[in-house]
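# have a look; sequence and predicted model below, questions after that.
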Amino acid sequence: MKQLLLIVLILGIGACSGKPKRGVDFGSEIIKASSADAQRLFDEGVQALEEHRWSDAVERFRIVQSQYPDDPIALVAEVYAGRAGLRDLAVLEVGPANVDDAAMVALSQLAQSKVDERVRWAAAAYYAAGLATVGEHAEASSSLATYPSVSLSPLILAGDRPALQVLVAESLLGAGRYGDATGAYGRLWHLAERADLRAFAKSRAFEAAARLDEAELVDSTGGKDDFVRAVCGAALLERRAQRASEDESASLQALMTRIAPDLATIGEANRLEAISLSLAARGPAKRLAIGLVLPLSGAAAQAGRGALDGALVAAGAFDPKAPVTTLVMVDSQTGSPAEHVARLRLAGVSAIVGPLDSRLAGAWAKAANDAEIPIFALTTESLGGAAGQWGFRWFIDARSEATGVARVAVKEQGDARIVILRPNIGYGRRSAEWFATAARAAGATIVLDEEYDRTASDYSRLAARVAKLRPDAIFIPDTATKVGELTAFLAQSNVWGIDGLRRPDARAKRVQVHYLGTSLWNDPALLTQARSYVTGALIPAWSSSAFADAPSRQFFADYSRAVGRPPNDLAAFAADGVGFVRSSFASGHTDALSIRDAAQAKTLYRGVTGASRFGSGGEPVRTLRFISVADGTFSVSTRTATVGLDDET
């Protein structure tokens, strides 16, 4: 192998020859054969290569080269023949391993040829992989020091891409090309499926970013790649924090809130938590700090990211004119609530927003009560006795939805005869029970309460039964997609929705009904699949772009501009949790006790999810708003309902 290395060095692959040619975009287009027979032979070789039938692969590629030497695919066949000679790659492992010397020479020569860049640099990358496989890691790294891109040639086979992306990133780092290396590690992080490779990519990327100058870090935090933004933003923040004065804490906080979503996206919950705690300790004496308890790791991390975005928008993170609020972020999936609350108290937080998980809420509420810090849980279940004097709940309430819809349907739309179609899942069954109880209490008759199998694909018999009953209304507590299926069968049985402001006409040829839904219907899928079937549907909505009130309109605009997509209910409730605390602070409630007192007062808070206050046990009392379907779009309904623990009064 040493003799082979001498040959390669003479050929000039070393890192010191010439300056790096940066910024090459290889694109994603592969090279195809101009001859169908050549392509067939080539594809057979690729299949053999992917199945580790090395000799068979080499044979096919050599046939392509000999029989079709002028075909564009011949050069790619030469690369892949060399790849077959490397056999099992072992880029990160310690060698030596056996590779074919002739294959290495062929790859090195092709890497020096004046051919298509995709061919040349694929050959160079495979040559470096061969060096690493036999344990010559330093030589492998130096051979790619002038690599012209942070990404791989599209000719690199899918199964080889993670290993070769490691080589490219390590080579760029070793060559002192720290910006390129950070981008290359970002490509590896996005590409890799193995947890150890992703962890490796993050660790090395942070190392590379730490060596960039401040101008490069600033430039990188404005890029398109969330990984690079997170890594470079954290490095920039740590560097500035070392020399910043107390007067500059606001600008540090603004930077932290800007990069927080990206740090959460790449799974850096611990780093995010540490940075936010550090910044909270730096702030001036009179400032607002809010603990934000979300799942930033594990299976629920995506939900946590959505809530984080909503909280950041509410904190004014994306509005340079808004006063800066310190959000001290905590990963609810790690550590004990008592330990976390103790750290939050030392950081000077005046309130806590979260967690999302009802199973964790009780322990968090107890810890907050012990520390005398108000906590606003974003859970679907009541805190019960754990609420104490400091616990409040602020989130979607399926029971409120079901009872609110029932009361409006009976008392305002005049629906006396109602059909309930309930899915065979817990949510559907519970919602149906709550709805039925409220509808009967309001004076309606449930003429049919039928459970259906969600896995079924034919609901024609059920639809026919409903049509014969000619009900005033139909309540379906299911997803928008499933509602689309059911209402299609109902339409085939001549059952169609009409506006709730009109009474169904018993003489009409069609069976006219008022469709009644839940907030799960507030989904574009409903308009795609059932827009003509569910005209006039009564749909409870906690947040919607259809609402024209100032808080909703402003939040949807700010969120969409900052995040690049419309918010969901989770983001809206997180925003209201943070927004309520900020509003209280602005009104003079500047400590934990006074914010608790503001929450216990009967004053309405008008936020993104509507007007609300807290009743006994910290349970929300709210004005439930509705949307409807008109002309194939969601529109605001004039209906409202007061829902919550104290809704009767």
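Okay, I see it. Numbers count the residues shown, from 1 in each chain.
# the spatially most central residue of the chain is in what secondary structure piece?
By CA atoms, centre = their mean, the chain has its centre lying nearest to residue 302, at 4.4 Å. Element membership of residue 302, judged by DSSP states H and E, is helix 301-314.
# residues of that helix that come out buried?
301, 303-314 (16 or more other CB atoms under 10 Å). Bear in mind the C-beta positions are built from the backbone N, C-alpha and C, glycine included.
# give the pairing partners of the helix or strand just after that helix; include direction for each.
For helix 301-314, the following helix or strand on the C-terminal side (DSSP H and E) is strand 326-331. Here strand 326-331 is paired, per DSSP bridges, with strand 289-294 (parallel).
# centre of the chain to the partner strand, how far?
19 Å (CA atoms, centre = their mean, to the nearest Å).
# so what touches it?
280, 283, 304, 307-308, 311, 315, 325-332, 340-341, 344, 347-356, 364, 373, 574, 578, 581-582 (CB atoms under 8 Å, 6 or more residues apart in numbering).
# between it and helix 301-314, how many degrees?
160 degrees (axes from the mean of the first three to the mean of the last three CA atoms, to 10 degrees).
# packing partners of the helix or strand hosting residue 276?
Using DSSP H and E, residue 276 falls within helix 269-282. With contacts taken as 3 or more CB pairs under 8 Å, 6 or more residues apart in numbering; DSSP states H and E, helix 269-282 sits against helix 226-243, helix 249-265, strand 326-331.
# burial check on residue 561, number of neighbours?
11 (other CB atoms under 10 Å).
# whoops, I mixed them up, residue 380
Neighbour tally, residue 380, other CB under 10 Å: 16.
# which ones are touching it?
Residue 380 touches 358, 395, 396, 397, 398, counting by CB under 8 Å, 6+ apart.
# need the residues you listed in JSON lines (columns: distance to residue 199).
Formatted as JSON lines, the contacts of residue 380 follow (distance: CB to CB, whole Å):
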{"residue": "358", "distance to residue 199": "31"}
{"residue": "395", "distance to residue 199": "33"}
{"residue": "396", "distance to residue 199": "35"}
{"residue": "397", "distance to residue 199": "40"}
{"residue": "398", "distance to residue 199": "39"}
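# out of those, who has the most neighbours?
So for the contacts of residue 380 (other CB under 10 Å), the most neighbours sit at residue 397, 25 neighbours.
# mind giving me the packing neighbours of the helix holding residue 302?
helix 249-265, strand 289-294, strand 326-331, helix 550-563, helix 569-586.
# wait, which of those is closest to residue 406?
Proximity to residue 406, assessed across the helices and strands packed on helix 301-314 by CB to CB, is greatest for helix 569-586 (20.7 Å).
# buried ones in the closest one?
Buried, per 16+ other CB under 10 Å, within helix 569-586: 569-585.
# could you do stretch 475-489 as well?
Buried-residue list, stretch 475-489, by 16+ other CB under 10 Å: 475-480, 482-487, 489.
# likewise for stretch 254-262?
254, 255, 256, 257, 258, 259, 260, 261, 262.
# now that stretch - C-alpha only, CSV.
The C-alpha trace of stretch 254-262 is given here as CSV (Å, rounded to 0.1, in the frame of the first residue of the first chain):
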residue,chain,number,x,y,z
ALA,A,254,-32.7,38.5,20.6
LEU,A,255,-30.0,36.4,19.0
MET,A,256,-30.8,33.4,21.3
THR,A,257,-34.5,33.5,20.5
ARG,A,258,-33.7,33.7,16.8
ILE,A,259,-31.6,30.5,16.9
ALA,A,260,-33.6,28.7,19.5
PRO,A,261,-35.9,26.9,17.0
ASP,A,262,-32.9,25.7,15.0
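# and that stretch, average pLDDT?
For stretch 254-262, the mean pLDDT works out to 87.
# go on, stretch 397-408?
For stretch 397-408, the per-residue pLDDT averages 94.
# quick one: residues in contact with it.
380, 427, 430-432, 434-439, 442, 444, 475, 477, 516-519, 538, 540, 620, 622, 624, 626, 639, 641, 643-644, 647.
# surely residue 415 meets residue 472?
Yes - counting by CB atoms under 8 Å, residue 415 does reach residue 472; the two are 4.1 Å apart.
# surely residue 376 and residue 352 touch.
Yes - if you go by CB under 8 Å, residue 376 and residue 352 touch, sitting 7.0 Å apart.
# returning to that earlier point: out of the buried residues of stretch 475-489, which sit inside helices?
Members of these lying in helices (criterion: DSSP state H): 480, 482, 483, 484, 485, 486, 487, 489.
# out of the residues you listed, who's nearest residue 243?
Nearest member of those to residue 243, counting by CB to CB, is residue 480, at 52.3 Å.
# got a list of what that closest one touches?
Residue 480 sits next to 520, 521, 522, 523, 524, 525, 526, 529, 530 when contact means CB under 8 Å, 6+ apart.
# which of these has the most neighbours?
residue 521 (27 neighbours).
# which residue is the nearest non-sequential neighbour of that residue?
Spatially, and ignoring its direct neighbours in sequence, residue 521 is nearest to residue 539 (4.5 Å; CB to CB, 6 or more residues apart in numbering).
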